[in-house]
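A.B. asks: Need coordinates for the below:
(one chain, ligands or ions: 1)
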Amino acid sequence: MDFEYAEGVKDRALAQIAVVGAGTMGSSIALTFAQNGHSVLLKETSEDFLQKGYANIERLLAGRRRKGLSEEESLAIRERISGTIDYENFADVELVIEAASENIEVKKGIFEALDEWCNLDCILASNTSSLSITQLGSFTRRADKVLGMHFFNPAHIMKLVEVVPGLETSHETVLYALNLAASIGKLAVRVEECASFLVNRLLGRYMNESLYVLTSGLAGVEEIDQAVVDYVMPIGPLALRDMNGADIGLSVARYNWQEYGPRFAVPQLLEVMVESGVLGQKTGAGFYAYDGDKKRSGVNLQLTELIEKVARFEAPAKGKMQVENLFLPMINEAFLALQERICQPEDLDSALKAGLGMRKGPLELASDMGLKQCLQQMEENFQIYGERFRPAPLLKRFVWANRNSVF
Ligand code: NAD
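C.D. replies: The predicted structure is shown next:
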């Protein structure tokens, strides 16, 4: 197997990696490193959980074999992954990626243990989606060597890794993570610490907006999904919500609202769906109805009742959905993120494309629309719907500078 080393990783033996947690993410992160030649130590809390992780890795490898991976390569990859339920062999690893349950107490215990067992040079990364990297660093005596390495699901396929320094993380640690992620074929983007980081923060605004469009009567379920797929997305927001589950969606939406305030107001429909147990594929019905094999059998007709319940409290919108309007909150959030210097402007679109599979990123969409037109539509919507569309000051400044596109 050939490897392309990014600068700084050249001439070094392949680092031994440890992954803590062998659930959905941990097992695919372990596979990602193993298929790039690294030996991986995979840690779980019990033999049973470890076996579940192995079974998941076997399933992912079987998928890769169906796409052309040979039996020999598959076996070699699998042999690079060894399991453990304690930290005894952690002294030899160069990098740990923690992918355990999203709970601060669980992660505190893990980071304290890692700090005890790992060599002082070892870098400790977390795959957390929402917890503070700075806080995780504070559980150790090496906050300069703690950072976020946020992979996307499934990690062995999705290209993006958000590399997130905490307040105390050193420049060397960030460079190490950027180089290592690049050396395993990922697009590694430095993202400053903020709630949901870059991609999920922007995604959250768009996911919420799709629900507002639905409940305001501007478009139906299939119409929304089809329009965004035709526009730039690989999958509609409502089909995606059904895959991930409305309960997960609600906790993410509540978290974003708590961190960012009114522009992230939680759509009532999401609350009502969770209250009613209409969670998506896992309960057999969400926006769509599903059969036993999770195959879609049409729109969920019972949802009409829930939409009516919610719509009573919302001002009905006039006219038809304009698909660009559905992306305005995401575009606005992109300008807010740039204003906060969350990432380099040139990284923003590529991160969104790699993380979400968009064919065009939000800045490109805004530039296609023309920034002046984009601002005008934002202002019109702000008059009608309020906070969700309050134009970002940076967008206004681009227009005041007579710039009609971002780049
Ligand atoms: P999961 O529930 O599938 O797996 C978590 C695993 O961690 C479980 O198998 C559990 O037994 C194990 N675990 C708990 N405590 C442990 C300990 N002390 N030592 C070793 N293992 C321990 O969760 P997941 O979806 O894989 O998420 C893991 C992390 O990745 C979370 O922080 C989550 O926010 C983040 N994340 C998830 C996704 C996603 O799409 N699922 C995407 C990006 C990031």
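
A.B. asks: show me the residues around the residue in the stretch 151-300 of the chain that the ligand sits nearest to that make contact.
C.D. replies: Nearest residue of the stretch 151-300 of the chain to the ligand: Asn153, at 3.4 Å (Cβ to the nearest ligand atom). Every C-beta, even on glycine, is put in place using the N, C-alpha and C of the backbone. Asn153 sits next to Thr24, Met25, Ser28 when contact means Cβ atoms under 8 Å, 6 or more residues apart in numbering.

A.B. asks: just the buried members of those residues?
C.D. replies: Neighbour-count burial (16 or more other Cβ atoms under 10 Å) is assigned, among the contacts of Asn153, to Met25, Ser28.

A.B. asks: So what touches the lengthiest helix in the chain?
C.D. replies: Longest helix in the chain by number of residues (criterion: DSSP state H): helix 47-66. Residues from elsewhere that reach helix 47-66, judged by Cβ under 8 Å, 6+ apart: 22-24, 26-28, 30-31, 35, 42, 44, 69, 71, 74, 77-78, 81, 83-85, 154, 156.

A.B. asks: quick one: what helix or strand has the residue most central in space within the chain in it?
C.D. replies: Nearest residue to the geometric centre of the chain (Cα atoms, centre = their mean): Asn200, 4.7 Å. Assigned by DSSP states H and E, Asn200 belongs to helix 199-215.

A.B. asks: That helix - contacts with which helices or strands?
C.D. replies: With contacts taken as 3 or more Cβ pairs under 8 Å, 6 or more residues apart in numbering; DSSP states H and E, helix 199-215 sits against helix 221-231, helix 237-244, helix 246-260, helix 268-275, helix 303-311, helix 323-339, helix 345-356.

A.B. asks: related to what we said a few turns ago, buried residues in the next helix or strand after the longest helix of the chain?
C.D. replies: Using DSSP H and E, the helix or strand that follows helix 47-66 in sequence is helix 71-79. The neighbour-count check on helix 71-79 (16+ other Cβ under 10 Å) flags Ser74, Ile77 as buried.

A.B. asks: just stretch 111-122 next, same as before
C.D. replies: Under 16+ other Cβ under 10 Å, the buried positions of stretch 111-122 are Phe111, Ala113, Leu114, Asp115, Trp117, Cys118, Cys122.

A.B. asks: Of those residues, which is the nearest to the ligand?
C.D. replies: Of these, the one sitting nearest to the ligand (Cβ to the nearest ligand atom) turns out to be Ala113, at 7.7 Å.

A.B. asks: how much space between the nearest residue to the closest one once chain neighbours are set aside and Gly137?
C.D. replies: Excluding the flanking residues, the one nearest Ala113 by Cβ to Cβ, 6 or more residues apart in numbering is Tyr87, at 5.6 Å. Counting by Cβ to Cβ, to the nearest Å, the separation of Tyr87 from Gly137 is 19 Å.

A.B. asks: returning to that earlier point: residue contacts, the residue nearest to the residue nearest to the centre of the chain when sequence neighbours are not counted?
C.D. replies: In this structure, Asn200 finds its nearest non-sequential neighbour in Ser129, 6.5 Å apart by Cβ to Cβ, 6+ apart. For Ser129, the contact set (Cβ under 8 Å, 6+ apart) comprises Glu102, His150, Ser196, Phe197, Asn200, Val252.

A.B. asks: Now Ser129: phi and psi?
C.D. replies: phi -100, psi -20 (degrees, to the nearest 10).

A.B. asks: how about the helix or strand hosting Lys372: buried residues?
C.D. replies: Using DSSP H and E, Lys372 sits in helix 371-385. Within helix 371-385, the residues scored as buried using 16+ other Cβ under 10 Å are Leu371, Cys374, Leu375, Gln377, Met378, Asn381, Phe382, Tyr385.

A.B. asks: Make sure the last one is actually in contact with Tyr212.
C.D. replies: Read it as Tyr385. Yes: in this structure, Tyr385 is within contact of Tyr212 by Cβ atoms under 8 Å, at 7.5 Å.
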